[in-house]
Structures are given as C-alpha cells and as structure tokens.
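>>> All I have is the shape, not the residue letters:
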C-alpha cells in the first residue's frame with residue numbers, strides 16, 4: 001500500500017504495474033481518480049493494472065466509447081475525455097449520475113480537459129515522460145471545498 005501524496009520515477013511497465021496495484025489497495029467505492037498526462041504516457045496501462053486488483057481483466061481504452069463499465073470485486077467506470085468536443089456531450093451521457101454512484105470507482109483519463117465536471121474530492125495521478133523508458137508518477141488527493 002502507498003501513502004498519499006506519492007511520487008516516484010519508474011523505469012519499466014513492471015514498476016508501473018506494481019505502483020498501480022498498490023494504489024488500488026486504497027481505493028473504495030465512490031472514489032474518483034483522474035489521470036493526467038500526454039498521449040502514450042501510460043494512463044490506460046495504469047487503469048488496467050489497478051483493475052486487475054479487482055479481478056477485472058478486460059480493460060481497454062474508452063477513447064471512442066467515452067466510458068467503459070467493468071465489474072469484478074468492485075464496479076469500475078472508466079472514462080476518456082480526449083475526444084469530447086464540448087461539455088454537453090458529457091451531460092448527454094449522464095456524467096452527473098455516474099459521478100454520484102457511491103458503489104463504483106471512477107477512473108477518468110484526460111480529466112484536465114473538462115475539469116468543471118470533476119467533483120472537488122478526487123485522487124489525481126499525473127504521469128510525465130522523462131525519457132523513452134522513464135516516467136514520473138505523482139499521486140495526490142484533492143479535498144477542495
């Protein structure tokens with residue numbers, strides 16, 4: 001299990017997988033996790049590794065579907081805001097209802113594109129490229145009023 005805030009430099013997918021699984025241990029139903037980072041930095045990989053801890057093995061990028069729903073030992077909603085052109089698209093799919101679901105854990109990739117729909121209480125994961133193999137993963141808990 002990891003302590004938040006947390007920051008580490010990883011040099012392999014194995015390291016990222018280990019961090020994601022450790023992070024998943026602290027998640028509870030109702031938690032919202034936003035992932036921020038450039039294209040190809042490992043956001044979906046981090047979500048996939050986290051979900052394995054819940055017995056979910058069919059995680060894929062929701063880029064075109066906007067949201068994927070998974071069920072294992074926990075219910076998970078996995079969003080990708082990358083292709084959203086305006087905030088009304090999120091309201092059209094019922095983003096408010098998803099966010100209010102206290103039974104699910106929600107992961108949102110590219111959440112920084114539509115911050116206005118993100119509840120003030122959430123985990124934030126920032127993944128930054130350092131070079132071809134190295135990433136800096138920073139995890140914080142936001143409890144804004």
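Looks like it came in fine. Owing to the predicted nature of the structure, the values given are computational and were not obtained by experimental measurement. Numbering: from 1, shown residues only.
>>> how about the residue most central in space within the chain, secondary structure?
With distances taken as CA atoms, centre = their mean, residue 107 lies nearest the centre of the chain, 3.4 Å away. On the three-state scheme (DSSP: H, G, I helix; E, B strand; the rest coil), residue 107 is labelled strand.
>>> show me the contacts for it.
Neighbouring residues of residue 107 by CB atoms under 8 Å, 6 or more residues apart in numbering: 33, 34, 35, 47, 50, 76, 77, 78, 79. For every residue, glycine as well, the C-beta is placed using N, CA and C.
>>> Kindly state the beta-bridge partners for the closest residue to the fourth one other than its chain neighbours.
By that I understand residue 47. Among residues not flanking residue 47 along the chain, residue 107 sits closest, at 4.7 Å (CB to CB, 6 or more residues apart in numbering). Beta-bridge partners for residue 107, by DSSP bridges, are residue 33, residue 78.
>>> Would you quantify the distance from the residue nearest to the centre of the chain to residue 56?
Distance, residue 107 to residue 56, by CB to CB, to the nearest Å: 11 Å.
>>> same thing with residue 111?
From residue 111 to residue 56 the distance is 20 Å (CB to CB).
>>> In terms of pLDDT, where does the residue nearest to the centre of the chain sit?
For residue 107, the model assigns a pLDDT of 98.
>>> again, but for residue 16
Taking residue 16 on its own, its pLDDT is 95.
>>> just residue 21 next, same as before
Reported pLDDT at residue 21 in the predicted model: 97.
>>> which SS state does it fall under?
Counting by three-state DSSP, the backbone at residue 21 sits in helix.
>>> Touching both of residue 107 and residue 56, which residues are there?
Common neighbours of residue 107 and residue 56 (criterion: CB under 8 Å, 6+ apart): residue 76.
>>> who's more crowded, residue 111 and residue 56?
Legend: neighbour count by other CB atoms under 10 Å for residue 111 and residue 56, higher for residue 111 (23 against 19).
>>> Let me know the closest of the contacts of residue 107 to residue 7.
For the contacts of residue 107, the closest approach to residue 7 (CB to CB) belongs to residue 35, at 14.9 Å.
>>> list the contacts for the closest one?
The contact partners of residue 35, taken as CB under 8 Å, 6+ apart, are 43, 46, 47, 107, 108, 109, 110, 111, 125, 127.
>>> This completes my enquiry, with thanks.
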